[in-house]
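[1] Sharing a model prediction with you, sequence too.
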Amino acid sequence: MRFHLKVWRQEGPEAPGRFFDYDVDDIIPEMSLLEMLDKLNEELIKKGTPPITFESDCREGICGTCGMVVNGSAHGPQPKTTTCEIRMRHFQDGEAITIEPFRAAVFPVQKDLIVERAGLDKVIQAGGYTSAYTGTHADANAILVPKDDQEYAMDAAACIGCGACVAACPNSSAMLFVAAKIAHLGTLPQGKPEEASRALSMTEAMQEEGFGACSNHFECQAVCPKGIRVETIARLNRAFLKASLKRLA
Amino acid sequence: MTLDGKVPSGPIETRWARHRDHLRLISPANKRRYTVIVVGTGLGGGSASATLAQLGYNVLAFCYQDSARRAHSIAAQGGINAAKNYGGDGDSVYRLFYETVKGGDFRSRESNVYRLAELSGNIIDQCVAQGVPFQREYSGELSTRSFGGALVSRTLFCRGQTGQQLLLGCYQAMMRQVSEGSLKVFPKKEMLDLVVVDGEAKGILVRDLTTGEYEAYAADAVVIATGGYASVFNLSTNAVGSNVGAIMRCYKKGALMANPCYTQIHPTCIPFAGWFQSKLILMSESLRNDGRVWVPKKKGDKRPPHEIPESDRDYYLERKYPSYGNLAPRDISSRAAKEACDDGRGVGPSGYAVYLDFRDAIQRHGRKVIEERYGNLFELYEHIMGEDPYAQPMKIYPASHYAMGGLWVDYNLMSNIPGLFVIGEANFSDHGANRLGASALMQGLADGYFVLPYTIGDYLATTQPGKVKPDNQEFKKVKEDDEARVNRLLSIKGSRTVLDFRIELGRLLWENVGMARSEETLTKALEEIPRIREAFWSDLKLTGSEKDLNQQLERAWRLSEALDFAEILTLDARERRESCGAHFRVEHQTPDGEALRNDAEYSYVAAWEYKGEGEKPAMHKEPLTFEVVQPTVRSYK
Ligand SMILES: Cc1cc2nc3c(=O)[nH]c(=O)nc-3n(C[C@H](O)[C@H](O)[C@H](O)COP(=O)(O)OP(=O)(O)OC[C@H]3O[C@@H](n4cnc5c(N)ncnc54)[C@H](O)[C@@H]3O)c2cc1C
Ligand code: FES
């Protein structure tokens, strides 16, 4: 297969960027999109041109490192797929493919397709945990957890922290990211006690880090590679409200 | 050099408790005066950082990814073992201990393994308190499943994302400590070197991966938790960034490298399809709970799987190992797959794949149950292969996966360099010559949550806090050396890319130092590796500069260390003239093709000492003694 690529290139955070055109050939349908970029990079290096800088690590959709906008959508047009999971068989032979970094003011471009996402760690630092000390605890079966609750918590805990939700949101909100953590921990008895305060502190941290507010566009759900649902946001709003009222009282 | 493993004596059941009770302590008020560097934020490093910070130490944690949460532990799928007897099938600490020693083919330290089994239950309690959503039954109790090499059901899991959930537990505990001020995390910083002052580990030199600047960090002790070296084979289940650099630099500063030849080849991975592949994705071992492994009985049978009747199928694991069947340990299952394919009975386009078939399990339990158990793994498979595993069997083949070897440590997890501790996959400690499934997560968390936090105090209590500062001459010297090495890489200006060399090395190792090794193939590899290294240092082509985000340069640095490491791995494999666990020497096998151990001559840990560039390393032996379990022929029949 052959493709025509338009790839965003930018030397550094301050440098202006623009799209560059590349033609790639001899692509096998089994290849992943990133393996295609690897191949292109090999050719570029051999020509003495700096290769395209992009991040990835696990290459199996779980670490959340990769993250690019492919043909206009975060992680590409296929639902529930990370960039590294995209296989070339899903494209038409000869197709033009556009690849650019996540676009959000809170995620400044560092180089080519790499953005800075440290804000997400800061939001977790504001309470995205249970305050259990590390050490010995009561037996794991001492508190029973209804299976449905555990499954619901697991659905939300599947978030890989890639930031696609932020990149897709017109307000660059990290609401789905925060809501996933609230739903994961708040559904379990171990995380329930701190749910309201967690919702308050994480939402505030999100604003302080420059992420926008949620205005119900729900683009986030459409691009989430792990299928995190916007219902979690309703839960977050309830917990947030509860904590805010408590603070007023 | 005599290697003192500092293994306690007396009844094995109380060794750890007695040892712990006699470790020196640092008072709570004094702990914050001590700084500890932890390199790596996976299950080993993450759990250690969070715990040390909570105890009050001043902790600095480093990783090469852009967030601590992305360490490759995140990719572990199948589960974590714990001797909880939740399965009600007679499990106990002793049984987990016994199966792990046996699984490792009697090449690990009994005392370490016992401690691991003993701590396994605490880990689960700790993780549940953190909010890890382990799979549960309708009763609300925790579920378990079986893994290879075990006769009981003791593996806890979070769907097919167990590593992710355990790591998020560590990461969240770390983030809590960051907010409390006792932990600082430094992402996108690569440790280039260890700094040893007056014989003790007192800091590291890192390269900032965004700016390319060198930075010196001093501490009172250094903990290495940088993961395994399976990536020297190029194609492996590891992350594309996984590398052997950090432990090799420690080795070159005097730390001993133990049992580097013990490398696990995992039986169930996506098959090799071409050199374009950047990795071989794992299909969790848990699938063997329900999937049946088979190949056609006849050579070259090209019929599609559903057209091959039962009578023409060879369920070779069930046939050869009736008591463990599809749950035979990894080394044995991998070799059996290779044997079938070498015999011309492999499937798929290359003939190097076997079937993992869920037809019977779907018939028995229904699709919904299988979906609940393995849904995301089936999805992953379909993504990659474009085939629906509910409708036709998966095609799988063994791939390089895990490093049992690593830096040598004593019972306190300290290397032979005082102040240098090594945890997680980076050390050699607990798995002997073969690791059983679901035991790496257990070991990483035992090391970081429950062992190191105690044992490190014993060392720190003997040192004066803050003795060495980053302006120490030694930091300057190390920086000059490493900067020169980086510049040497950039100045070669040859014609071949890093990837080109990586593939060449990986292929050489896979073919000669892989699942079947012989004096001949090992000698060949030992001749070839220096040749590839020479070509690398004279014909490498890099673009870009030193003081920039330069991924080719990062990879070149890592590969330069892998080239040196490959040689010790191969040397160790050649010197160990026996078969044990994953180390299979074709000259040493039983008449029916099983690994033939030689306890009289090889019941030791081989620990290699660096003797300088181009010099042959020296081997030191730590004898292994068995007081509780008598080494026997490891049988899974
Ligand atoms: C695909 C896969 C599935 C697995 N499934 C299971 C399973 O189901 N059950 C099980 O028990 N085990 C499993 N394992 C094994 C297990 O996951 C690993 O052995 C374990 O997670 C390793 O943890 P670690 O903390 O030692 O290293 P890692 O998690 O690999 O972390 C290494 C850390 O070191 C950092 N690092 C490395 N080099 C440097 C450097 N030079 N400078 C700075 N930082 C550096 C990295 O950034 C990272 O933070 C699996 C392994 C793989 C690959
Ligand atoms: S590289 Fe890990 S999710 Fe894509």
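    Cool, got the structure. Ligands and ions are numbered 1, 2, ... in the order given.

[2] per-domain residue ranges of chain A.
    A:3-111, A:117-248 (automatic domain parsing).

[3] Same check on chain B?
    Chain B is divided into the following domains under automatic domain parsing: B:35-265+B:402-460, B:267-400, B:477-622.

[4] out of the domains of chain A, nearest to ligand 1?
    Judged by Cβ to the nearest ligand atom, the one of the domains of chain A that comes nearest to ligand 1 is domain A:3-111, at 7.2 Å. Glycine gets a C-beta too; all of them are placed from N, C-alpha and C.

[5] and the closest one, does that touch ligand 2?
    Yes: judged by Cβ under 6 Å from any ligand atom, domain A:3-111 comes into contact with ligand 2 at A:56-59, A:61-66, A:82-84.

[6] For ligand 2, give me its nearest residue in the stretch 51-200 of chain B.
    Taking Cβ to the nearest ligand atom, the stretch 51-200 of chain B has residue B:70 as its residue nearest ligand 2, at 7.2 Å.

[7] Which element is encountered next along the chain beyond the worst-scoring helix or strand of chain B on mean pLDDT?
    Of all helical and strand segments in chain B, the minimum by mean pLDDT, DSSP states H and E falls on helix B:367-385, at a mean of 89. Next in sequence after helix B:367-385, counting helices and strands by DSSP states H and E, comes strand B:394-403.

[8] before we move on, which element is residue B:293 in?
    Element membership for residue B:293, per DSSP H and E: strand B:292-296.

[9] in its sheet, what does that strand sit against?
    strand B:313-314 (antiparallel), strand B:354-357 (antiparallel) (DSSP bridges).

[10] per-residue confidence averaged over the longest one?
    Strand B:354-357 comes out with an average pLDDT of 97.

[11] now the helix or strand that comes right after that strand, how far from the centre of its chain.
    Remark: after strand B:354-357, the chain's next helix or strand is helix B:359-365, criterion DSSP H and E. On the basis of Cα atoms, centre = their mean, to the nearest Å, the separation between the geometric centre of helix B:359-365 and that of its chain is 33 Å.

[12] With stretch B:557-569 instead?
    Using Cα atoms, centre = their mean, the distance between the centre of stretch B:557-569 and that of its chain works out at 16 Å.

[13] That stretch vs chain A: in contact?
    No: using Cβ under 8 Å from any Cβ of the partner chain, stretch B:557-569 stays clear of chain A, with a minimum separation of 13.0 Å.

[14] what's residue B:421 in contact with, if anything?
    Counting by Cβ atoms under 8 Å, 6 or more residues apart in numbering or on different chains, residue B:421 touches B:221-224, B:409, B:412-415, B:452, B:455-456, B:459.

[15] Relative to residue B:597, how far out is the nearest residue to residue B:434 once chain neighbours are set aside?
    Leaving out its chain neighbours, the residue that sits closest to residue B:434 by Cβ to Cβ, 6 or more residues apart in numbering or on different chains is residue B:581, at 3.1 Å. When distance is defined by Cβ to Cβ, to the nearest Å, residue B:581 is 9 Å away from residue B:597.

[16] Over to residue B:480?
    Shown here: residue B:480 relative to residue B:597, a distance of 47 Å by Cβ to Cβ.

[17] neighbour-wise, which of these two wins?
    When residue B:480 and residue B:597 are compared for neighbours, residue B:597 comes out ahead with 24 against 11, by other Cβ atoms under 10 Å in any protein chain shown.

[18] I'd assumed the more buried one was in a strand, is it?
    No: remark: residue B:597 does not belong to a strand; assigned using DSSP: H, G, I helix; E, B strand; the rest coil, it is coil.

[19] Please report the distance of it from residue B:589.
    Relative to residue B:589, residue B:597 is positioned 11 Å away (Cβ to Cβ).

[20] residues bridging contact with these two, i.e. touching both?
    Residues within reach of residue B:597 and of residue B:589 at once, by Cβ under 8 Å, 6+ apart, are residue B:579.
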